[in-house]
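[1] I would like the atomic coordinates for the input below:
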Amino acid sequence: MSTERLRPLRAEDLPLVRAWRNHPAVRQHMFTTHEITADEHAQWFQRQQADATRRLYLFERDGVPQGFMHLSGVQPGGVCEWGFYAAPDAPRGTGRAMGAATLAELFEVEQVHKIRGQVLQGNQASLRFHEALGFQPEGVLPQPYVGADGQRQDVHCYGLQAEAWRATRAG
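    Reported below is the predicted structural model:
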């Protein structure tokens, strides 16, 4: 049986996470699609560390890093947002396992009220991922984002409240 866990991201993890983030398969679905430099990544990490409502996690299976989770606005009773990606070579199902672990962390430990996610229109896997985890569509922002190809894209908004998550776990 495999062991899965979220653990706080550490400075020594930054080269690995940046390599994942800069991989074309990951980068194509990001809101910023340029290649991140080491200096830019280090500065981003420092800014995140200064915000008490941010959480950065590495998802590991059997001690092997397989994904990254970024959370903002985390506070008891609050509404937070998440962003994430699996390692480009992660086994199938990693995203769902990472998502499930993060939902448990946010709703059981951090005691947030709601989690929100935003997905670019062309990212069908992420749209299905949110729905599979119980997120509800909350609307579409029409074409606020220009993708790497220069085309405008809609952004799909999803939300999941603690009560709904608990109800699906109980059922």
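
[2] what's the helix or strand bottoming out on mean pLDDT in the chain in contact with?
    Least confident helix or strand of the chain, by mean pLDDT, DSSP states H and E, is helix 24-27 with a mean of 75. The contact list for helix 24-27, computed with C-beta atoms under 8 Å, 6 or more residues apart in numbering, reads 20-21, 33, 35, 85, 88, 148. (Each C-beta comes from the backbone N, C-alpha and C, glycine too.)

[3] quick one: buried ones out of those residues?
    Of the members of the contacts of helix 24-27, the ones counted as buried by neighbours, 16 or more other C-beta atoms under 10 Å, are 20-21, 85.

[4] please enumerate the strands of this structure.
    4-8, 55-61, 64-72, 79-86, 114-120, 136-146, 152-161 (DSSP state E).

[5] by mean pLDDT, show me the worst of those strands.
    Mean pLDDT is lowest for strand 136-146 out of the strands of the chain, coming in at a mean of 85.

[6] name the helices or strands packed onto it?
    strand 114-120, strand 152-161 (3 or more C-beta pairs under 8 Å, 6 or more residues apart in numbering; DSSP states H and E).

[7] export the strands of the chain to TSV and append columns for distance to Ala25.
    Putting the strands of the chain into TSV (distance: least, C-beta to C-beta, whole Å) gives the following:
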stretch	distance to Ala25
strand 4-8	22
strand 55-61	17
strand 64-72	13
strand 79-86	9
strand 114-120	14
strand 136-146	19
strand 152-161	17
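
[8] which of the helices and strands packed on strand 136-146 is buried the deepest?
    Of the helices and strands packed on strand 136-146, the one with the most neighbours on average (mean count of other C-beta atoms under 10 Å) is strand 114-120, at a mean of 20.

[9] direction included, what does it pair up with?
    Looking at strand 114-120 with DSSP bridges, its partner strands are strand 79-86 (parallel), strand 152-161 (antiparallel).

[10] residues touching the residue lying closest to Ala162 once chain neighbours are set aside, list them.
    Nearest residue to Ala162 in three dimensions, chain neighbours excluded: Phe107, at 4.7 Å (C-beta to C-beta, 6 or more residues apart in numbering). Residues near Phe107 by C-beta under 8 Å, 6+ apart: 162, 165-166.
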